[in-house]
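# after the sequence you'll find the predicted model.
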There are 2 protein chains.
Amino acid sequence: MKLNHHYEALEESYLFSTIAKKVAEFQKRNPEASIIRLGIGDVTRPLCTSVDMALVEGAQEQGKAESFHGYGPEQGYTFLREKIAQYYQVQMQAKVTAEDVFVSDGAKSDLGNILDLFSADNTVLIPDPVYPVYRDTNVMDGRRIVYMQAAKENGFLPMPDAGQPADLIYLCSPNNPTGAVYNREQLTQWVAYAREQNAVILFDAAYEAFVQEGYPRSIFEIPGARDCAIEFCSLSKTAGFTGTRCGYTVIPQELTREGMRLHQMWLRRQTTKFNGVSYPVQRAAAQVFTESGMMGCKANLAIYQENARVMAETLDQMGIWYTGGVHSPYIWMECPQQMTSWEFFDDLLSKTGIVGTPGSGFGRNGEGFFRLTAFGSSKDTREAMRRLKSIYGEV
Amino acid sequence: MKLNHHYEALEESYLFSTIAKKVAEFQKRNPEASIIRLGIGDVTRPLCTSVDMALVEGAQEQGKAESFHGYGPEQGYTFLREKIAQYYQVQMQAKVTAEDVFVSDGAKSDLGNILDLFSADNTVLIPDPVYPVYRDTNVMDGRRIVYMQAAKENGFLPMPDAGQPADLIYLCSPNNPTGAVYNREQLTQWVAYAREQNAVILFDAAYEAFVQEGYPRSIFEIPGARDCAIEFCSLSKTAGFTGTRCGYTVIPQELTREGMRLHQMWLRRQTTKFNGVSYPVQRAAAQVFTESGMMGCKANLAIYQENARVMAETLDQMGIWYTGGVHSPYIWMECPQQMTSWEFFDDLLSKTGIVGTPGSGFGRNGEGFFRLTAFGSSKDTREAMRRLKSIYGEV
């Protein structure tokens, strides 16, 4: 009996599990402390009315013989896949068909499971800092990881290095945790590099709903991406589905390597290891892409965007360097007083009750930085900024 | 760029996808044909009232700020894990704690994903015939598979062979597709063998709700199983969750191999590659384990059990050999007129409109057999039996 020993190379606990544990311990020691959670990127606004109504209707349908739904297609219902394809075509002028779309229970699952399709003998490019799932899932498989340096100097947006061989390339734009977003010209360079390397770009578009006019929201807005990219997206941030669970993955039919179609391989993977997303959840997800659904989701996003503006304004007043917050719900700030990321985490929590995420949890280049999210309530966000200012003052 | 070439060793399509395609083509050619689906093991009864009410309430909660649920624990909410543990303790006298339980979106996902924890360099014992997911997921990883011969002679219940080395052992009881169920003495032998081999039993208990008095429903009813077994279970059949999606996996804390705790590895896997099950679905699942939930589910199961009885009675009258249908919703019958499994599939579909599952899809030993499910409506089941009798008559 041999286990997968690559697990021994992982940190014992996933970043956000460690934070949750630390916060629970703090709360236990200080039961009266008023904690404001700006750590994990979890939304706080409820589902918008028309989307929740669709979820409720879907749930009601499951209780009646004439409207009951058993097993659905593993790749998702056509009614939802068509709506997602339309969203790409109309909102982004990106060429995506319903056939290309696989509905999932979230981007995190698919980002992890997609690696089933690739040999462990590949070189993977991962930005540093970045969402830890890319790193951890590849460590679990024992793949060679090359980190792309993201720093203040390049606006936390690493660009391809023609001399660096690569097979898989992770891009996350708008970036988690830095909030940096690639422009069209930069993504065009990435697509050219991927095609030259015969590599596949794994494009995480989970934050696309925050992108402002003039910047690409999908890798498929870039010509030539359909034969070198897979895109992962989620309704978690777009529509507040963090607890309701729905996402989607786009694998164009043209994407082939070594004579194999990745779309076909993923279909085989999903039909064998997955049984599709809960029917009422797919009903709610389809409602997101209607006019009333989109309006409701945008009203929630506007609240988060205003939070980001308030946070940015406070940091400006305090003279603390930061980036993000424009195309993204994340503010990526320098830790005050030259603290390390975890020092600031502990200091901030104990002095103000604010929970953030230590930048070093996202990679070596994150050391000395800190991530705050704009997903709190307006009231909490304002109160957090008041506390931040009162303790760390003006520099 | 290297793909996972083990995919080339798979049949192009997952068994049930092939069947769905064949049926769709038949329906297209014969738009007026009345098709009765007794193929895929999909339930037809809606969720029972109290479970559906919980699903609706959970959906409503997602629309209000004060009751909205964002990210939940990846391993499932404590309110559900505790109910599942109680179910084991009270209904089965099996020692399972809430800590041991991981909530999933279904047994199929976890049965596939659990292999992440094991090296590809292991020997896997798989019964033949069996649920094709065990075979396909191991082929995808390139693991050595040894098939255990299940046939009429051993009641389709293979027993351990002390001379056969094994690292992973798949057991499915009640069995899919044959409906055969292991008794306590037989499972005790399997546990002894696994401990001797230092192997891990992957026990699929998806059909436990069909087991009649006197037979074990969980591997954890067997002393010594906690340090050599993982159990996969599902609400798909127990509570009609095929389209609502919820299951659970039990990994006892004591289960260690090579100094690593499998519970801890799976927690690391799930926190990294999964974001938990939809909150309203977990609310509904918790309701299954209440008194009213259990009563409602049992009323639905009674309908399926009556269907199985009707099917068995018909085959008895026709003099066709079969097994199953007692501890299981599946009838495993010999194909009439010495047809092969696929010959009978085509013949049956074209002459009667009945869809079943060819036994050979479950393995070499399934050739010449055919699986019918009792999950249809009472009316359809009776009509199907009438057609079967009228075409294949008495032998």
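Good, I have the coordinates. Computed from a predicted structure; not experimentally measured.

# what's A:Ala107 in contact with, if anything?
A:204, A:206, A:232-234, A:236, A:247, A:249 (Cβ atoms under 8 Å, 6 or more residues apart in numbering or on different chains). Using the backbone N, CA and C atoms, a C-beta is placed for each residue, glycine as well.

# what about 10 Å?
A:131, A:133, A:204-206, A:231-237, A:246-249, B:275 (Cβ atoms under 10 Å, 6 or more residues apart in numbering or on different chains).

# and the lengthiest helix in chain A, which residues are buried?
With secondary structure taken from DSSP state H, chain A has its longest helix at helix A:291-318. Buried residues in helix A:291-318, counting neighbours by 16 or more other Cβ atoms under 10 Å in any protein chain shown, are found at A:293-294, A:296-297, A:300-301, A:303-305, A:307-308, A:310-312, A:314-315, A:318.

# thinking again about what came up before, among the contacts of A:Ala107, which lie within strands?
A:204, A:231-234, A:247-249 (DSSP state E).

# among the residues you listed, which ones lie close to chain B?
A:234, A:247 (Cβ under 10 Å from any Cβ of the partner chain).

# mind putting the ones in strands among the contacts of A:Ala107 in a markdown table, pLDDT, distance to A:Ala59 and neighbour count included?
As requested, the ones in strands among the contacts of A:Ala107 are exported to a markdown table (pLDDT from 0 to 100; distance: Cβ to Cβ, whole Å; neighbours: other Cβ atoms under 10 Å in any protein chain shown):
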| residue | pLDDT | distance to A:Ala59 | neighbour count |
| --- | --- | --- | --- |
| A:Asp204 | 98 | 30 | 27 |
| A:Glu231 | 98 | 30 | 26 |
| A:Phe232 | 98 | 27 | 25 |
| A:Cys233 | 98 | 24 | 28 |
| A:Ser234 | 98 | 21 | 29 |
| A:Gly247 | 98 | 20 | 25 |
| A:Tyr248 | 98 | 21 | 28 |
| A:Thr249 | 98 | 25 | 25 |
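
# just flag the most distant two among the ones in strands among the contacts of A:Ala107.
A:Asp204 and A:Tyr248 (12.3 Å; Cβ to Cβ).

# let's have the ones in strands among the contacts of A:Ala107 in TSV, adding distance to B:Glu383.
Shown next, in TSV, are those (distance: Cβ to Cβ, whole Å):
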residue	distance to B:Glu383
A:Asp204	51
A:Glu231	47
A:Phe232	46
A:Cys233	45
A:Ser234	45
A:Gly247	41
A:Tyr248	39
A:Thr249	41
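
# any regions of the stretch 1-150 of chain A where pLDDT drops low?
Low-confidence segments of the stretch 1-150 of chain A (pLDDT under 70): none present.

# what are the ranges of the helices in it?
Taking DSSP state H, counting those that start in this stretch to define them, one finds helices in the stretch 1-150 of chain A at A:15-29, A:49-61, A:78-92, A:107-113, A:132-141.

# so what's A:Tyr330 up against?
A:38, A:41, A:174-180, A:207, A:210, A:308, A:311, A:322-324, A:357, A:371-375.

# contacting residues around the residue of the stretch 201-350 of chain A found nearest chain B?
As assessed by Cβ to the nearest Cβ, chain B sits closest to A:Lys273 within the stretch 201-350 of chain A, at 3.0 Å. The contact partners of A:Lys273, by Cβ under 10 Å, 6+ apart, come to A:74, A:113, A:116, B:14, B:108-113, B:115, B:133, B:136-137, B:140.

# go with 6 Å
B:Gly112 (Cβ atoms under 6 Å, 6 or more residues apart in numbering or on different chains).

# can you check the one 4 residues further on too?
When the contact criterion is Cβ under 6 Å, 6+ apart, the partners of A:Val277 are A:103, A:105, A:246.

# any buried residues in stretch A:178-190, and which?
In stretch A:178-190, counting by 16+ other Cβ under 10 Å, buried: A:178-182, A:186-188, A:190.

# sounds good, over and out.
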